[in-house]
Structures are given as C-alpha cells and as structure tokens.
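Novice: Quick one: sequence plus predicted model below, questions after.
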Amino acid sequence: MSINFFEHREIISNNMVIFLRLRGISKLSLSKQTGIPRLTIDQIISGETPSPKQYNLQLTNINHTYELPEDYFITSLPSVQPTYAYSSIGDSAKDPVVRELLDGLDNILDIYSLYHLH
C-alpha cells in the first residue's frame, strides 16, 4: 500500500457517504460485504479510528471488495444531494417538534430508498 489513508480521513469520510449513496448500500451492507464491523464503519465515516494501521487496512479492504482504484476515496466524487420529501417544504420556522418529526420521516425515506429504489 503506497497511500496513507489515515492522513486523508476528512475527505475519505465525505467520500464514503457519497459512495454509499451512489451505490445505494447501507452501512450495515458495507459491513457485511467487507467483514468490517458496523461500529468501525461508523468510525470511518466520522473520521475517527483508534489505530492508523487498522484504518489503512480497512480502507484497503473496502477498495479490494468493491474493486476500486487505490485512490478512489481520496479523489473528488460527484456530490449527491438527497431530495427530501417533507422537511424542506414550507416555512423554515416550523415548530421544533414538527421539524424533528419531519426530519425523522426524511431519514426513514432515505433508508427505504437504499433498499427499494436501486
């Protein structure tokens, strides 16, 4: 391995989220397909990891599993903007409870789209 992924954690974190959306897979699916624990996937996405060596091995494993170029996660990926069905409609000064409920509904719709639209 010639790339030290650990030095690029921030861009890898952003690109991992884009990768999941582009591929239409969940963090749980990524975990199952790569053998990397779900908690570790969450750490990669948040840019946290207890060990630079493990981080590099995990990124290498993801690249290998999906047959990606070594520098895939450190290059710019196309931005993917989710379309929200409910929370972006109407007045931005909604009641906080209503906003929280609508944001939750959007999260459910995001999850649904990962499994049923791809």
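Specialist: All right, it came through fine. Just so it is clear, the model here is predicted, and its values are computed rather than measured.

Novice: The most centrally placed residue in the chain - nearest residue in space that isn't next to it in sequence?
Specialist: The geometric centre of the chain, computed from its C-alpha atoms, lies nearest to residue 17 (C-alpha atoms, centre = their mean), at 2.4 Å. Residue nearest to residue 17 in three dimensions, not counting chain neighbours: residue 45, with 6.2 Å by C-beta to C-beta, 6 or more residues apart in numbering. Where C-beta positions appear, they are placed from N, C-alpha and C, glycine not excepted.

Novice: Name the residues of the host helix or strand of the residue nearest to the centre of the chain that are buried.
Specialist: Using DSSP states H and E, residue 17 sits in helix 9-23. Buried residues in helix 9-23, defined by neighbour count with 16 or more other C-beta atoms under 10 Å: 9, 11-16, 19-21.

Novice: between those, which is closest to residue 3?
Specialist: Closest approach between those and residue 3, by C-beta to C-beta: residue 12, at 10.3 Å.
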